[in-house]
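1. model this:
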Amino acid sequence: MLVSGYFRLPYDIPKVFWRYPMQYISFHYWALQGQCQNDMDGLLFDNQYPDQPKIPGEFILKYIFQINVHRSKWIDLSVIFSMIFIYRLLFFIMIKVNEDVMPWIRGYIARKRLQKKVPAIGKTPSLRGYVVDPELGPNEG
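-> The predicted structure follows:
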């Protein structure tokens, strides 16, 4: 919400990092601008002085809230829905990569560690060296 224009007006945000990349990938930027356009577009507000003309909502959007009035509120809504779809697809890919690739990477790292490790003679960390006599059973011998 810091870069969406809620706390600071859009033209007051520094342009180098916060305004251009961060503002346009922010969900709140599109939602706030669409909401303000939906609420104020087409309205007329009373002026402070009765003899002055009424203030249109487009004037307030453009000069007070610094919102682009040439872009439709439906474009803002379509950007929000496309962000939802893209984020869901991105997180789905991340989950699948984590499920499929990470076990392979962990196995590769474990094989490399086992190759470097010098085994102790007579001692094994697993149950491979444990032999059970089939006639006696595991608990009797």
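
2. next one: the longest helix seen in the chain to chain centre, how far?
-> Counting by DSSP state H, the longest helix found in the chain is helix 73-116. For helix 73-116, the separation from the chain centroid amounts to 12 Å (computed by Cα atoms, centre = their mean, to the nearest Å).

3. on contacts alone, who are the packing partners of it?
-> Contacts defined by 3 or more Cβ pairs under 8 Å, 6 or more residues apart in numbering; DSSP states H and E place helix 73-116 against helix 27-40. C-beta coordinates here come from the backbone N, C-alpha and C atoms, glycine included.

4. Centre of the chain to the helix it packs on, how far?
-> Relative to its chain's centre, helix 27-40 lies at 19 Å (Cα atoms, centre = their mean).

5. In that helix, which of the residues would be classed as buried?
-> 29, 30, 31, 32, 33, 34, 36, 37, 40 (16 or more other Cβ atoms under 10 Å).

6. So what touches that helix?
-> Residues outside helix 27-40 that contact it (Cβ atoms under 8 Å, 6 or more residues apart in numbering) are 1, 3-6, 23, 57-58, 60-61, 65, 67-69, 71-73, 76-77, 79-80, 83.

7. and residue 47, what does it touch?
-> 53, 54, 55 are the contacts of residue 47 under Cβ under 8 Å, 6+ apart.

8. Would you mind giving the secondary structure of it?
-> Per DSSP: H, G, I helix; E, B strand; the rest coil, the secondary structure class of residue 47 is coil.

9. before we move on, back to that, and the contacts of helix 27-40, which are buried?
-> When the contacts of helix 27-40 are checked against 16+ other Cβ under 10 Å, the ones flagged as buried are 3-5, 23, 57, 60-61, 65, 67, 69, 73, 76, 79-80.

10. Give me the distance between the one residue sitting closest to the centre of the chain and residue 77.
-> For the chain, residue 87 is the residue whose C-alpha lies nearest the centre (Cα atoms, centre = their mean; 6.4 Å). Note on residue 87: its distance to residue 77, by Cβ to Cβ, to the nearest Å, is 16 Å.

11. Please report phi then psi for residue 8.
-> Torsion angles at residue 8 (phi, psi; degrees, to the nearest 10) stand at phi -120, psi 140.
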